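A.B. asks: got a predicted structure plus its sequence, pasted below:
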Amino acid sequence: MAIIQDRKKCERARKARDARFDGVFFIAVKTTNIYCRPICPAGPPLEKNVEYHDSAISAASAGYRPCLRCRPDSAPLSSAWRGTQTSFHRGLELIHQGALQTGSIQDLAERLGISDRYLRELFEKNLGTSPKKYAIYQQCLFAKQLLHESALSITQVAYSAGFNSVRRFNEAMQQQLSLSPRQIRKSDKIVAGKLKLKLYYRPPYAWQHCLDFLQHRVIAGLEWSDTMSYSRTIRHADAKGYFTLQNNAKHNHLELMVHLDDYTSLNPVTQRIRAIFDVDAPVAEIDTQLARQLAGQIDYLPGLRIPGIWDSFEAGVRAILGQQVSVRQAISLVTKFVEELGDEIHVDGLGVKKLFPAPETVVEYSLDFFRMPQSRKDTIRRLAEHYLSDENPDDIDRWIDIKGIGPWTINYVKIRASKDPDVWLAGDAGINNAIKKLSAEPNIEQTKPWRSYLTFQLWNQL
DNA sequence: ACGACAGACTT
DNA sequence: AAGTACATGAAG
């Protein structure tokens, strides 16, 4: 599963340093025990000395260390397993969210509704390692990024990456990357100041679309934006903070500035932002398939990413407040909601902003300040209660039992919070309008498994 | 389902 | 000489 057998394509791609294959496979060099990206500027090794891997972790667990020039650990994520294997995929997602930082494998398996045995098996089959090893590997990669790009001390890096002792951090780094933290940092000169990180993507990235979409829906107090950047407040576990994001098209990355009051959440928060801004979307694949289906029918936007919402609760509330009203009215309702119930947070240079209200707060207070049908207020309260009583409120399919929440809302939340790539928003008024303008009805089935992207391409026509 | 053991983790 | 920063062995 881990080593690629079809060498021909890989050989051609690496000799041409073809950027389209960046993140798709990795070159492990047996003579040096180093692994590289297809685009590595170093002179190409002899074909007989290389081994091709389909993921960075596969090369790492085979004993190779990441190249210091092309930094294979910062390559965009491979997407071979996207869309398939929901338990496995959700497991990966939860690990990125820090599930194994505090909880055990058993806890994770339980949340997924499978046995811990089976969870191990899924990881072994798909990645060739155990869930815990993957989590540590992932933490090491993040630590490496911090060592390269931030001015944090090595001790701070250890805790920010989710380790609970420096001792263990050093050991894990040596084991996973065959480099000590010091060795990694030595190669870089870092500028002190605010914490800035680079999120690499495979171009193109339709950043302007993303920015426009978010700007049209900005909730004052919670979010703010200018011509280049988007910012908002966030909460993750016990940590509160805010971030700003802008594009660096020239170097194929988004620039992220984060502030948190508890940096043990930095890794999960960063991963969440990656997911929300769809940094790892395999756009080349999506674009060829969708463009073929929609040939000449619409003004197709290449590199479109689906802008997400911070978490499913916020997505749910926004969707409910948007029922039966215009986008503009929905925004003013959400703004009122945040203003009334959101906790305050101080943002450097901008004064006081608001956090999105937590379910606990919503349950506690009445929603009398809202001028809208009582039934919709009740729905919001029921959603909040669901978050407090349900073991796994992020399982959006279960929301169907909540009175006042229908299939449209569920699908909408799946697209924008769960980042499900294959949701078709059937019955949406905007989608119906967009379809009416087409010369021929598109074959929705043919756009699997990227129907969420079809939805957004069509919305973009309005 | 259970115990032995390995190795992950903290101090 | 004392303090800081990092790496690592020993023990539980």
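C.D. replies: Nice, I can see it. Residues are numbered from 1 along each chain as shown, chains lettered A, B, ... in the order given.
A.B. asks: show me the shaky parts of chain A.
C.D. replies: Regions of chain A meeting the criterion pLDDT under 70 cover residues A:1, A:74-85.
A.B. asks: what does it put close to DNA strand B?
C.D. replies: Neighbours of DNA strand B within chain A, by Cβ under 7 Å from any atom of the strand: A:Lys132, A:Ile136, A:Phe163, A:Asn164, A:Ser165, A:Arg167, A:Arg168, A:Glu171, A:Ala172. To be clear about C-beta, it is placed using only N, CA and C from the backbone, and glycine gets the same treatment.
A.B. asks: write the ChimeraX selection for whichever of those residues are buried.
C.D. replies: In ChimeraX, this line selects whichever of those come out buried by 16 or more other Cβ atoms under 10 Å:
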select /A:136,163,172
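A.B. asks: how near is the closest residue to A:Leu211 other than its chain neighbours to A:Thr244?
C.D. replies: Take A:Leu211 and drop its neighbours on the chain: the residue closest to it by Cβ to Cβ, 6 or more residues apart in numbering is A:Tyr230, 6.0 Å away. Going from A:Tyr230 to A:Thr244 by Cβ to Cβ, to the nearest Å gives 7 Å.
A.B. asks: just A:Leu92 next, same as before
C.D. replies: With Cβ to Cβ as the criterion, A:Leu92 and A:Thr244 are 27 Å apart.
A.B. asks: and the two? Which one has more around it.
C.D. replies: Neighbour totals were compared for A:Leu92 and A:Thr244, and A:Leu92 leads with 23 against 20 (other Cβ atoms under 10 Å).
A.B. asks: contacts only, for the closest residue to A:Leu152 other than its chain neighbours.
C.D. replies: In space, and not counting its chain neighbours, A:Leu152 is closest to A:Leu146: 5.7 Å by Cβ to Cβ, 6+ apart. Applying Cβ atoms under 8 Å, 6 or more residues apart in numbering to A:Leu146 gives the contacts A:Leu152, A:Val157, A:Ser160, A:Ala161, A:Leu197, A:Leu266.
A.B. asks: in the stretch 151-300 of chain A, which residue sits closest to DNA strand B?
C.D. replies: A:Asn164 (2.4 Å; Cβ to the nearest atom of the strand).
A.B. asks: and that residue, what helix or strand is that in?
C.D. replies: For A:Asn164, there is no helix or strand it lies in under DSSP states H and E.
A.B. asks: quick one: residues in contact with whichever strand or helix holds A:His89.
C.D. replies: In the assignment (DSSP H and E), A:His89 maps to helix A:86-96. The contact list for helix A:86-96, computed with Cβ under 8 Å, 6+ apart, reads A:81-83, A:108, A:111-114, A:118-119, A:122-123, A:126, A:131, A:134-135, A:138, A:268, A:271-272, A:275.
A.B. asks: neighbouring strands of the lengthiest strand in chain A in the sheet, and parallel or not?
C.D. replies: Longest strand of chain A, by residue count under DSSP state E: strand A:239-248. Using DSSP bridges, strand A:239-248 pairs in its sheet with strand A:229-236 (antiparallel), strand A:253-260 (antiparallel).
A.B. asks: identify the residues contacting that strand?
C.D. replies: A:198, A:205, A:207, A:228-235, A:254-265, A:269, A:273, A:277, A:343, A:345, A:347, A:353, A:355.
A.B. asks: among the residues you listed, which ones are buried?
C.D. replies: A:205, A:207, A:230-235, A:254-260, A:263-265, A:269, A:273, A:277, A:345, A:353, A:355.
A.B. asks: going along the chain, name the helices of the stretch 51-200 of chain A.
C.D. replies: A:56-61, A:86-96, A:99-102, A:105-112, A:116-127, A:131-149, A:154-160, A:166-177, A:181-186 (DSSP state H, counting those that start in this stretch).
A.B. asks: right, and these - which one's nearest A:Ile410?
C.D. replies: Proximity to A:Ile410 (Cβ to Cβ) singles out helix A:86-96 among the helices of the stretch 51-200 of chain A, at 15.7 Å.
A.B. asks: relative to its centroid, which residue of chain A is most remote?
C.D. replies: A:Lys48 (36.9 Å; Cα atoms, centre = their mean).
A.B. asks: okay, it and A:Ala2: tell me how far apart.
C.D. replies: 20 Å.
A.B. asks: please apply the same query to A:Ser115.
C.D. replies: Distance from A:Ser115 to A:Ala2, by Cβ to Cβ: 24 Å.
A.B. asks: looking at the two, which has the bigger crowd around it?
C.D. replies: A:Ala2 (17 against 12).
A.B. asks: you'd agree that one is up against A:Ala56?
C.D. replies: No. If you go by Cβ atoms under 8 Å, A:Ala2 and A:Ala56 don't touch, sitting 10.7 Å apart.
A.B. asks: contacts only, for the residue of the stretch 301-450 of chain A found nearest DNA strand B.
C.D. replies: Minimum separation of the stretch 301-450 of chain A from DNA strand B (Cβ to the nearest atom of the strand) falls at A:Glu391, amounting to 20.6 Å. Contacts for A:Glu391 (Cβ under 8 Å, 6+ apart) come out as A:Arg111.
A.B. asks: which residues touch the residue in chain A that DNA strand C sits nearest to?
C.D. replies: With Cβ to the nearest atom of the strand, the shortest gap between chain A and DNA strand C falls at A:Arg182, namely 3.0 Å. Counting by Cβ under 8 Å, 6+ apart, A:Arg182 touches A:Ile154.
A.B. asks: switch the cut-off to 10 Å
C.D. replies: Counting by Cβ atoms under 10 Å, 6 or more residues apart in numbering, A:Arg182 touches A:Leu147, A:Ile154, A:Asn170, A:Met173.
A.B. asks: up against DNA strand C, what does chain A have?
C.D. replies: Residues of chain A lying near DNA strand C (Cβ under 7 Å from any atom of the strand): A:153-155, A:166-167, A:170-171, A:174, A:180-183, A:185.
A.B. asks: what's the closest of those residues to A:Ser326?
C.D. replies: A:Ser153 (50.8 Å).
A.B. asks: kindly provide the distance from the residue nearest to A:Leu152 to DNA strand B.
C.D. replies: 17 Å (Cβ to the nearest atom of the strand, to the nearest Å).
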